[in-house]
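*Asks:* Need the 3D shape of this:
(chains A and B)
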Amino acid sequence: NAGVTQTPKFQVLKTGQSMTLQCAQDMNHEYMSWYRQDPGMGLRLIHYSVGAGITDQGEVPNGYNVSRSTTEDFPLRLLSAAPSQTSVYFCASRGGGSGANVLTFGAGSRLTVL
Amino acid sequence: DQQVKQNSPSLSVQEGRISILNCDYTNSMFDYFLWYKKYPAEGPTFLISISSIKDKNEDGRFTVFLNKSAKHLSLHIVPSQPGDSAVYFCAASIVSYQKVTFGIGTKLQVIP
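*Replies:* Numbers count the residues shown, from 1 in each chain, chains lettered A, B, ... in the order given. Next comes the predicted model:
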């Protein structure tokens, strides 16, 4: 099982450029989410989705856009990158049953905005 | 407003001794708590969890204690091993909601 796969692992953007961070999971998890990790700030929730076609905002949604057209994929879009979006981004998913509260994370995508 | 607080940014422990990582929370509605471990250049991985109806959960060398009246939980690692050196995140959630709130992490270094 691949689990949660994020691409790219590294990306450098210029201010104002747009890009999409890709996230795919093969565990048939309904819930998917995006976090960013910054020094001294921990992991902060950007957006999440409880199923295909359903998305909602987390703590720090501004500047980011998401959609969920399939169960497997949950891309994160930066429409006009800003230096404040320099961070490490993690996608995470979770299923139901006994693992309903446990998130499985991807390896992360490190983004630098110049 | 930081609802989950890890006040110690780092901790150093000798191999074989006990590591105690602490976490405080402010939202009394949290009913499920988790610890995640993170190595550099990797994503966080689930370590251990506890429901608010319990005060202790043990898994091998790892034990989590929950004190609801103090809104405090702790992770005990006994004995500590060099491979335990990582950043540990405390997390809390309300099961009926869809959000998990993380602390800022504590970097544990186990010295051989």
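*Asks:* So what's the residue count around the residue in chain A positioned nearest to chain B?
*Replies:* Using C-beta to the nearest C-beta, the closest approach of chain A to chain B is made by residue A:105 at 3.3 Å. Every C-beta, even on glycine, is put in place using the N, C-alpha and C of the backbone. When counting by other C-beta atoms under 10 Å in any protein chain shown, one arrives at 22 neighbours for residue A:105.
*Asks:* Report the contact partners of the closest residue to it other than its chain neighbours.
*Replies:* Using C-beta to C-beta, 6 or more residues apart in numbering or on different chains and skipping the chain neighbours, the partner closest in space to residue A:105 is residue B:43 (3.3 Å). Going by C-beta atoms under 8 Å, 6 or more residues apart in numbering or on different chains, residue B:43 touches A:4, A:90, A:92, A:105-108.
*Asks:* Show me what from chain A comes close to chain B.
*Replies:* Selection of chain A residues close to chain B by C-beta under 8 Å from any C-beta of the partner chain yields A:4, A:31, A:35, A:40-45, A:48, A:50, A:56, A:58, A:90, A:92, A:100-108.
*Asks:* mind listing which of those are in strands?
*Replies:* When DSSP state E is applied, those are split such that A:4, A:31, A:35, A:42-45, A:48, A:50, A:56, A:90, A:92, A:104-105 fall in strands.
*Asks:* Could you export those residues to TSV, including columns for distance to residue A:19?
*Replies:* Output for these, formatted as TSV (distance: C-beta to C-beta, whole Å):
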residue	distance to residue A:19
A:4	19
A:31	24
A:35	17
A:42	24
A:43	21
A:44	20
A:45	20
A:48	20
A:50	25
A:56	22
A:90	16
A:92	20
A:104	24
A:105	20
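*Asks:* quick check, nearest of the residues you listed to residue A:83?
*Replies:* The shortest approach to residue A:83 among these belongs to residue A:44, at 17.0 Å (C-beta to C-beta).
*Asks:* No more questions from me, cheers.
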